[in-house]
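> Turn this into a model:
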Amino acid sequence: MSNALSKPDPEGVGEICVVGPSMRFLSGISYYTACLCTALAELGESSAILMRRLLPTRLYPGHARVGMPLSDLRIPATVPVFDGVDWFWVPSLLRSIWFLVRRRPRHILFQWWTGAVLHSYIVLAVVARLVRTNVVVELHEVQDVGEAERRWVRGYVRLVAPLFFAQAKRFVVHSEHDRAAVAARYGLDPDALGVIPHATYSNYGDSVPRTAHAECNLLNFGIIRPFKGVEVLIEAFDSLPPDVAREYRLTVVGETWEGWTRPAEMIEESRYRDRITFVNRYVSDDEVAAAFAAADVVVLPYRRSSQSGPLHVAMHYGLPVVVTAVGGLVEAVQDYEGAILVEPGDPAALAEAIQRARCLAGRRFHNPCDWATTAERYRMLFRGLDADRGDALARAVPTETGNA
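The predicted structure is shown next:
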């Protein structure tokens, strides 16, 4: 690998450093960070700084599985990685600063989703500016939904986040919906926010030709939280007439967070309990692949959402999806022919959509957004930043004219 301080080739974008979570506190953003690093490595030289211990383990909703080897996904061995920064800083923050200063990347791309990393992000962003690195922030949501419901956490982020965002030259979101929401929440210039759609996840294996099962297998996948609307799905499933319900099976796979046990209770009380499989934990990559391979239709009844990892896994596999028309999800499926949109919080409408979706079972739909597309969009963004820097330097050093 070439020296990080050397000038990039004229057609390149220079080294890109991605800052995001490691696989220790495993979540959808961990997967996204690893996939993004892999995609950006195709542009040229890249590196990564990972947040290792996001917060005291006992405060994490999935604390029982922290550090467990649930995924084989890793950042490519060709990408230098500092893993990682701990919330308490000592001595990890100093080591991460040295890693950043020594490499001095042309661009640094922060993954934003939680206030737990804000204090560390501020320091790294300030150091990046000092070494003349372009700071870009990719926002997956305005703020974690659970955090936003806690007044003191919401207040902390509202007060401190502007210090971090002030270091950035550009921001990236995944939809026009999020562009408006982020600009309004943090007082950012909408013109500084670019939209790069969320790529579909392909790390669980290739999709395969499908044949509809005799019974239509419905799958709900993901962390079970109040905004996910799993209880609406159980109510909709229970509302199916017996002669219709016998044509379906429902599988719910997910780890309960925030004490939201109502979906689990409704499953146990369901009149169709014998037709429901409930896997109430965070599953391994192999189990994820098996769940989607067995599914005919994926049902995601969110009450609100910016984006959805399970939706992007389903689209990679080409599965029909029934998803609520909330947040950025409408834009996420606008080019996906296998999507049926319904209004949130309406069990009757969801039950009707589930029955409509059965005619789509067995078909495979085209994946509308892959990681190569994401990498190319970032190439254009980084080149734009370099052009802006060149214009600024030209204005600062006027060209000599006239006779010598």
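> those helices in this structure, which residues are they?
Using DSSP state H, the helices assigned to the chain run over residues 28-41, 92-103, 118-130, 145-148, 151-165, 176-186, 230-238, 242-245, 262-269, 285-294, 309-316, 329-332, 347-357, 371-396.
> The fourth one packs against which elements?
Here helix 145-148 is seen to pack against helix 151-165 when contacts are counted using 3 or more Cβ pairs under 8 Å, 6 or more residues apart in numbering; DSSP states H and E. Quick note: C-beta positions are derived from backbone N, CA and C, even for glycine.
> hmm, back to that, looking at the helices of the chain, spot the one closest to Leu73.
helix 28-41 (5.0 Å; Cβ to Cβ).
> and that closest one, how far from the chain's centre?
9 Å (Cα atoms, centre = their mean, to the nearest Å).
> repeat for stretch 60-74
With Cα atoms, centre = their mean as the basis, the mean position of stretch 60-74 lies at 16 Å from the chain mean.
> if we can go back for a sec, by mean pLDDT, show me the worst of the helices of the chain.
Here these differ in mean pLDDT, and the lowest is helix 371-396 at a mean of 80.
> Next, format the helices of the chain as CSV and append distance to Gly84.
Shown next, in CSV, are the helices of the chain (distance: least, Cβ to Cβ, whole Å):
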stretch, distance to Gly84
helix 28-41, 11
helix 92-103, 7
helix 118-130, 10
helix 145-148, 21
helix 151-165, 18
helix 176-186, 26
helix 230-238, 32
helix 242-245, 48
helix 262-269, 33
helix 285-294, 21
helix 309-316, 21
helix 329-332, 29
helix 347-357, 40
helix 371-396, 22
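> Let me know which of the ones you listed is the nearest to Pro301.
Once the helices of the chain are compared by Cβ to Cβ, helix 230-238 is nearest, at 4.6 Å.
> for the protein, which strand is longest?
strand 46-53 (DSSP state E).
> in its sheet, what does it sit against?
strand 16-21 (parallel), strand 81-86 (parallel) (DSSP bridges).
> Using TSV, lay out the ones you listed together with mean neighbour count, distance to Ala181 and mean pLDDT.
As requested, the strands paired with strand 46-53 are exported to TSV (neighbours: other Cβ atoms under 10 Å; distance: least, Cβ to Cβ, whole Å; pLDDT from 0 to 100):
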stretch	mean neighbour count	distance to Ala181	mean pLDDT
strand 16-21	27	21	98
strand 81-86	20	27	98
